[in-house]
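Chemist: predicted model and sequence follow; I will ask about them next.
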Amino acid sequence: MLNIEKIEDLSREQLIELLNIYAKNWLAHDGCWFLSIEEVEGIEKAMDYDREAWRKFTVVEAKRLIDFLQLGENSGIEGLAKALKFRLYSTLNEDKVEIIDEKTIRYYVKTCRVQAARRKKGLKDFPCKSVGIVEYSYFAKTIDDRFETKCLSCPPDINDNDYYCIWEFKLNLLKNHNLDII
């Protein structure tokens, strides 16, 4: 038994371990929540609820990261690149962020805990593309409302077998924060 009374008593290593436990617990809760709906309502209805939950959650997550990382409003490529590295599940999946140019960034997920667990059980990949489009689009737009999001590869449409999913974010430099310039 650890000889501690509160979180503040933990060492740096113990805090990192606890962070990983929290991330796994959150992901397990997300899976249990989804499966509970799927059992009663079916996969399509569960996907509808999942998209709506991500639509709300990802904005909250992004806003908290903006504050924590002190990104400021509409922080562009650098802000999104940094925020992606600090998402709740960042300790669970192997991923990378690649800045392509001054207006384009790509996010690659090499290992996905959810999909790996499904494959280990002999199940097909979870068709998460429609949920991911909502999740990543709202996350990026919360970081900077000029971002447009495109899925390059994601179940059920995997186009690169080296990654579970690949997302591209383009900064629309003609858009002036909610005002389109023609």
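Modeler: Looks like it came in fine.

Chemist: list the buried residues for the helix ranked longest in the chain?
Modeler: Ranked by residue count under DSSP state H, the longest helix found in the chain is helix 12-41. Buried residues in helix 12-41, defined by neighbour count with 16 or more other C-beta atoms under 10 Å: A23, L27, D30, F34, I37, E38. For every residue, glycine as well, the C-beta is placed using N, CA and C.

Chemist: what do you get for stretch 150-170?
Modeler: For stretch 150-170, burial by neighbour count (16+ other C-beta under 10 Å) applies to 151, 153-155, 158, 163-170.

Chemist: show me where this protein has its helices.
Modeler: Counting by DSSP H, the chain has helices at residues 12-41, 43-69, 76-84, 113-120, 129-143.

Chemist: before we move on, the earlier item: just put the buried residues of stretch 150-170 in TSV and tack on pLDDT and distance to K56.
Modeler: Formatted as TSV, those follow (pLDDT from 0 to 100; distance: C-beta to C-beta, whole Å):
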residue	pLDDT	distance to K56
C151	97	20
S153	96	26
C154	94	21
P155	92	23
I158	89	27
Y163	93	27
Y164	90	24
C165	95	21
I166	97	25
W167	98	19
E168	98	24
F169	98	20
K170	98	24
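
Chemist: of those residues, which is the nearest to A46?
Modeler: Nearest to A46 out of these is P155 (C-beta to C-beta; 15.6 Å).

Chemist: least trustworthy helix or strand in this structure by mean pLDDT?
Modeler: Using mean pLDDT, DSSP states H and E, the weakest-scoring helix or strand in the chain turns out to be strand 179-180, at a mean of 50.
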